[in-house]
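A.B. asks: model the structure of this input:
(one chain, ligands or ions: 1)
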Amino acid sequence: MKKTLYTLLVLVGMCSISGAQSKKSPKLTPEQARLEKLKQEAAAGVEKRAQLGQQINDMLFSFSELGFQEVESYRYLTELLEKNGFTVERGIANMPTAWLAKWGSGKPIIAIGSDVDCIPKASQKPGVAYQDPIVAGAPGHGEGHNSGQALNIISALAVKEIMEREKIPGTLVLWPGVAEELVGAKAFYVRDGYFKDVDACIFTHVGNNLGVSYGDAGNNGLVSVRFNFEGAAAHAAGAPWRGRSALDAVELMNIGWNFRREHLEVTQRSHYVIPDGGDQPNVVPSKAAVWYYFRERSYPKIKKLFDIGVKIAEGAAMMTDTKFTYEILGSAWPGHFNKPIAEAMYQNIKKVGLPTWSEEDQMLAMASQKELQAPKISGLATKVDTIGLPADSPTRMMGGQAMSIGGGSDDIADISWSLPTIVLRYPSNIPGLPGHHWSNAISMATPIAHKGVVYGAKAEAMTLIDMLLKPEIIKDAWDYYKNEQTKEMQYTPLISPKEMPAVYLNREIMNKFKPELSKYYYDPTKYKTYLEQLGIKYPTLRDDQKEDLKKIKLEAGK
Ligand SMILES: [Zn+2]
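C.D. replies: Predicted coordinates for the structure are as follows:
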């Protein structure tokens, strides 16, 4: 029943696509008519692959792999792409879980990417509106990176089918954002030349609406640095005067940084964890480490912040009579995205529109928003975003000006500063949740995520057809890149030629949780969806949550 209704809604959606077209441009040239027809076919080809999209989405969700340890995701995705005719290059840029999958030949070469890694301690049962981990303490998709490859693969397969039949030249290159949460991979892809012949890049990232932006994204770039202090061990009670505590140095560095914080620009974000604080109290820690993210709005500002960090580390080492070294573990530029491609994408976003959410979808969304004390209990998005940054972005552009107060980072920017790139956001998540949090996993293997993937894939597939058949889009994209984006600011990597990807990160955590997580890997040969496999009623709400929703509905009805 549900499926029939969904198919019907999709058909209605398809009709409105052609309806809007014929109203706007009654007289199409034969080329325009062909283009429109192929774009509709691409959207229909995506719809036909909705089940595959759901399977990929749910599979990656169940793997729950942290950055650089995306071993199962890597195996599953590369095998799937090979089965579908792609040629896969494995272990690119010295990363065992990174890959490039190519299909087609000749120009244009279009790269299509999305992240694959998840968040520590974010394990959560999908479809449950309160904290209930699948495996307590384990990683989970609390950012929704399980959905982007599903979107890209079904859109690329739909487009490939059309390219084959119509003999359209061009190369599709699918790739994963490995270790995005560590901003650990993309600058290395660029440095090692994997994007040097690529004409344009479409990147997809989960959001809570269908949207795209161009120009300065208003976010921060960052450099991720681990400071390793070294002192001298000693009996902490018997001869403490003979010891030099590396942990003291870490603590003094943090105190120094936290005092200095008041005198930094308001756009900076900086945070740290202590991955090594010594072994046990009765031994003066001879080794300790602190790991910082230094975030700012531009390359020079990031460098400056990093320099201040090094100076404070020097001070801490001097005070404690210890030594230190530092290593760069990751980096990202602040985002800047391409206008002509974003505009082409936005036309298609408007045609695709938003999914029709069921009552169950909205119940899950609103109950989760209430549970997490979201600023608004408004359920899922029902109106397509305007072109630009998301409505809830703290870094929104005001009147075309970057009135940014800083914010998060994504190393897709290193690619966007190297060639024309856009980020398509799609509505697989619930608005108003904290981000990097177990609650952001609630929707990620439910109909909300599945529909968001299909709608995003339609917009992407239609834009790919545009890019393949209208060479002026890529020409204009390079014109924007050369004459506007990089006119005053050119890309300088934050990593040097000698840095290597920190592929050892997260290894121990994954080793610890993988045996337990693997009991819950999704088996699509036995279960239609992951929800079905876990035996979760959709949606699952506590009684008090159901009562709250009734009250909210009553209030809204007044
Ligand atoms: Zn992300």
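
A.B. asks: from here on, just use CA atoms for contacts and neighbour counts.
C.D. replies: Will do.

A.B. asks: quick one, helices of the stretch 101-250 of the chain?
C.D. replies: 148-166, 186-191, 246-260 (DSSP state H, counting those that start in this stretch).

A.B. asks: tell me the angle of the helix or strand that the last one is followed by relative to helix 246-260?
C.D. replies: Looking back up the chat, that one is helix 246-260. Using DSSP states H and E, the helix or strand that follows helix 246-260 in sequence is strand 269-276. Angle, strand 269-276 to helix 246-260, by axes from the mean of the first three to the mean of the last three C-alpha atoms, to 10 degrees: 170 degrees.

A.B. asks: can I get the CA coordinates of strand 269-276 in PDB?
C.D. replies: Extracted in PDB, the C-alpha atoms of strand 269-276 (Å, rounded to 0.1, in the frame of the first residue of the first chain):
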ATOM      1  CA  ARG A 269      37.000  27.900  16.700                       C
ATOM      2  CA  SER A 270      39.600  25.900  18.600                       C
ATOM      3  CA  HIS A 271      39.200  22.700  20.600                       C
ATOM      4  CA  TYR A 272      41.300  19.900  21.900                       C
ATOM      5  CA  VAL A 273      41.300  16.400  23.400                       C
ATOM      6  CA  ILE A 274      44.100  14.700  25.300                       C
ATOM      7  CA  PRO A 275      44.700  11.300  23.500                       C
ATOM      8  CA  ASP A 276      47.600  10.500  25.800                       C
END
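
A.B. asks: in it, what counts as buried?
C.D. replies: 269, 270, 274, 276 (16 or more other C-alpha atoms under 10 Å).

A.B. asks: and the nearest residue to the third one once chain neighbours are set aside, which of the three is it?
C.D. replies: Counting by C-alpha to C-alpha, 6 or more residues apart in numbering, the nearest residue to residue 274 once its immediate chain neighbours are dropped is residue 290, at 4.5 Å. Using DSSP: H, G, I helix; E, B strand; the rest coil, the structure places residue 290 in strand.

A.B. asks: swap in the one 4 residues further on?
C.D. replies: Of the three states, residue 294 takes strand under three-state DSSP.

A.B. asks: please name the residues that touch it.
C.D. replies: 222, 223, 224, 225, 268, 269, 270, 271, 302, 305, 306 (C-alpha atoms under 8 Å, 6 or more residues apart in numbering).

A.B. asks: of all those residues, which comes closest to residue 346?
C.D. replies: residue 222 (28.6 Å; C-alpha to C-alpha).

A.B. asks: all helices of the stretch 401-550 of the chain, in order?
C.D. replies: Going by DSSP H, counting those that start in this stretch, the stretch 401-550 of the chain shows helices at 412-416, 447-469, 471-480, 507-517, 530-534, 543-557.

A.B. asks: low-confidence ranges in the stretch 401-550 of the chain?
C.D. replies: The stretch 401-550 of the chain contains residues with pLDDT under 70 at 401-403.

A.B. asks: rerun at 80
C.D. replies: Residues of the stretch 401-550 of the chain meeting the criterion pLDDT under 80: 401-404.

A.B. asks: with the chain instead?
C.D. replies: Using pLDDT under 80, the chain drops low at 1-26, 389-404, 557-558.

A.B. asks: ignoring the adjacent residues along the chain, who's closest to residue 234?
C.D. replies: residue 243 (4.7 Å).

A.B. asks: pretty sure residue 369 is touching residue 429, no?
C.D. replies: No: between residue 369 and residue 429 there is no contact under C-alpha atoms under 8 Å: 11.4 Å.

A.B. asks: these two - which one has more neighbours?
C.D. replies: A direct count of neighbours by other C-alpha atoms under 10 Å for residue 369 and residue 429 places residue 429 higher, at 29 against 24.

A.B. asks: contact partners for the closest residue to the more buried one other than its chain neighbours?
C.D. replies: Using C-alpha to C-alpha, 6+ apart and skipping the chain neighbours, the partner closest in space to residue 429 is residue 208 (4.9 Å). By C-alpha under 8 Å, 6+ apart, residue 208 lies in contact with 380, 381, 425, 426, 427, 428, 429, 430, 431.
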